[in-house]
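Visitor: how would this look folded up:
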Amino acid sequence: MAVNNVRTLERRRVLRILVVDSSLDDVRQIRKLLRRNGEFLTQAARTPLEAETLLDKGSIDVALVEYALWADASSQLVRHFRERHRDVAVVLLTSGTNERETLPALKLGAHDFLSKQHLDDGSQLEARILGAFDESRTIRRRDTMVRWLEREARTDHLTGLHNRHAFDAHLREICERSRAEQTAVTLIMVDLAGTRTVNEAHGHDVGDAMIRRAAAGISRCVRGVDFAARVGGDDFGIILQDADLELGKLISRRIVHEIERLNGDEWAGEIPVTVSFGVASGIGCDAHDLFTAADQQLSDHKSFRPVLAMLAEREEPNGPSVA
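Guide: Presented below is the predicted three-dimensional model:
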């Protein structure tokens with residue numbers, strides 16, 4: 001009962017209907033039927049091009065589309081709906097009543113169909129419109145929820161960066177692409193020093209604040225195409241696609257200088273953030289090998305001060321280059 005009440009309230013606003021049909025008689029009949037009900041505002045187009053123009057000009061809730069314009073996946077109108085107006089509900093206007101014949105068109109994204117033989121029945125027309133509108137809203141809400149859940153599953157909630165699960169999956173994907181396209185991929189591992197001591201002396205809230213500040217400093221320095229993640233308690237990983245070792249070292253230095261600046265500016269009065277780096281790069285490297293190489297470099301570089309000078313580049317036997 002409560003759901004029905006919600007739907008009734010949602011439908012009190014006027015629904016904007018677009019009729020796409022080459023038959024003037026059918027368009028007039030539809031407009032006549034919908035005009036009796038003040039809940040619908042109707043526009044009409046006789047060609048796909050006219051329909052695209054009206055769709056792009058303003059918001060449309062439901063489109064009543066002549067079946068012949070939707071029956072083929074290569075249809076210009078189908079492509080336009082899919083690419084730009086997936087939120088518009090579509091009801092197909094067919095010449096017959098055989099539902100099986102409409103299945104291919106329904107699979108292309110339409111929500112329902114109505115035979116033109118029933119265009120004299122205003123209540124059925126309204127029911128199909130409202131049903132398609134409800135289904136479209138339900139699908140959009142479900143898709144939004146799925147995307148939200150997927151994002152939640154890939155997010156580290158302390159820092160807002162990606163989490164370890166997302167990092168591992170992305171590193172595998174990028175390394176596979178590197179192998180196929182013979183392009184370089186670089187991995188930067190970052191360690192935040194002193195968090196254990198801070199946790200013991202000041203409590204985990206202060207330690208967590210340090211981790212969040214380090215993540216903020218990293219986020220300010222990476223490119224939009226880079227992939228930054230928190231991969232452990234106080235460890236971070238940055239995946240650089242189509243990037244060589246020199247770019248990895250450059251971004252590492254950028255992070256160091258930005259953190260030093262923030263320590264003396266926005267974070268003045270806070271416990272200073274101190275980081276160390278390990279950088280590895282290769283073409284067609286296995287994800288595990290690249291991670292191991294960067295992590296080993298991180299272990300070699302760990303200290304209680306920022307690493308400003310990167311070690312000289314060297315190439316490991318049968319593996320990624322490291323710095």
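Visitor: show me where pLDDT drops low in the protein?
Guide: 1-12, 37-38, 96-101, 301-319, 322-323 (pLDDT under 70).
Visitor: any idea where the strands of it begin and end?
Guide: Here the chain has its strands, by DSSP state E, at 15-20, 40-45, 62-66, 89-94, 112-115, 184-192, 227-230, 235-241, 275-283, 314-315, 321-322.
Visitor: For those strands, give me JSON lines that also has distance to residue 73.
Guide: In short, each C-beta sits where N, CA and C put it, glycine included. Conversion of these to JSON lines gives the following (distance: least, CB to CB, whole Å):
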{"stretch": "strand 15-20", "distance to residue 73": "17"}
{"stretch": "strand 40-45", "distance to residue 73": "21"}
{"stretch": "strand 62-66", "distance to residue 73": "15"}
{"stretch": "strand 89-94", "distance to residue 73": "14"}
{"stretch": "strand 112-115", "distance to residue 73": "17"}
{"stretch": "strand 184-192", "distance to residue 73": "36"}
{"stretch": "strand 227-230", "distance to residue 73": "34"}
{"stretch": "strand 235-241", "distance to residue 73": "32"}
{"stretch": "strand 275-283", "distance to residue 73": "38"}
{"stretch": "strand 314-315", "distance to residue 73": "50"}
{"stretch": "strand 321-322", "distance to residue 73": "47"}
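Visitor: In TSV: these, plus mean neighbour count and distance to residue 83.
Guide: Putting those into TSV (neighbours: other CB atoms under 10 Å; distance: least, CB to CB, whole Å) gives the following:
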stretch	mean neighbour count	distance to residue 83
strand 15-20	22	17
strand 40-45	18	18
strand 62-66	26	15
strand 89-94	24	14
strand 112-115	21	22
strand 184-192	26	31
strand 227-230	24	27
strand 235-241	23	26
strand 275-283	25	35
strand 314-315	10	46
strand 321-322	22	42
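Visitor: Looking at those strands, spot the one closest to residue 300.
Guide: Residue 300 lies closest to strand 275-283 among the strands of the chain, at 7.2 Å (CB to CB).
Visitor: strands paired with that closest one, and their directions?
Guide: Looking at strand 275-283 with DSSP bridges, its partner strands are strand 184-192 (antiparallel), strand 321-322 (antiparallel).
Visitor: want to throw these into CSV with distance to residue 269?
Guide: Shown next, in CSV, are the strands paired with strand 275-283 (distance: least, CB to CB, whole Å):
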stretch, distance to residue 269
strand 184-192, 18
strand 321-322, 37
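Visitor: out of the ones you listed, nearest to residue 287?
Guide: When the strands paired with strand 275-283 are ranked by proximity to residue 287 (CB to CB), strand 184-192 comes first, at 8.9 Å.
Visitor: For the closest one, what is the distance to the chain centroid?
Guide: The chain centre lies 24 Å from the centre of strand 184-192; the measure is CA atoms, centre = their mean, to the nearest Å.
Visitor: now the angle from it to strand 235-241?
Guide: 160 degrees (axes from the mean of the first three to the mean of the last three CA atoms, to 10 degrees).
Visitor: and residue 59, what does it touch?
Guide: Counting by CB atoms under 8 Å, 6 or more residues apart in numbering, residue 59 touches residue 16.
Visitor: any idea how far it lies from residue 139?
Guide: Residue 59 sits 17 Å away from residue 139, going by CB to CB, to the nearest Å.
Visitor: buried sites along the lengthiest helix in the chain?
Guide: As assigned by DSSP state H, the longest helix anywhere in the chain is helix 122-153. For helix 122-153, a neighbour-count test (16 or more other CB atoms under 10 Å) marks 122, 125, 126, 128, 129, 130, 132, 133, 136 as buried.
Visitor: Surely the fifth one is in contact with residue 42?
Guide: No. Because the distance of 10.3 Å does not satisfy CB atoms under 8 Å, residue 129 is recorded as not touching residue 42.
Visitor: shared neighbours of the two, anything?
Guide: Shared contacts of residue 129 and residue 42, defined by CB under 8 Å, 6+ apart, are found at residue 17.
Visitor: Helices of this structure, start to end?
Guide: Going by DSSP H, the chain shows helices at 2-10, 24-35, 48-57, 76-84, 99-107, 122-153, 164-181, 195-202, 204-221, 245-264, 287-301.
Visitor: who wins for proximity to residue 277 among these?
Guide: Distance to residue 277, taken as CB to CB, is lowest for helix 245-264 among the helices of the chain, at 4.6 Å.
Visitor: Out of the helices of the chain, which gets nearest to residue 233?
Guide: Nearest to residue 233, of those and by CB to CB, is helix 195-202 at 6.9 Å.
Visitor: List of residues touching that closest one?
Guide: 206, 207, 210, 211, 233, 234, 271.
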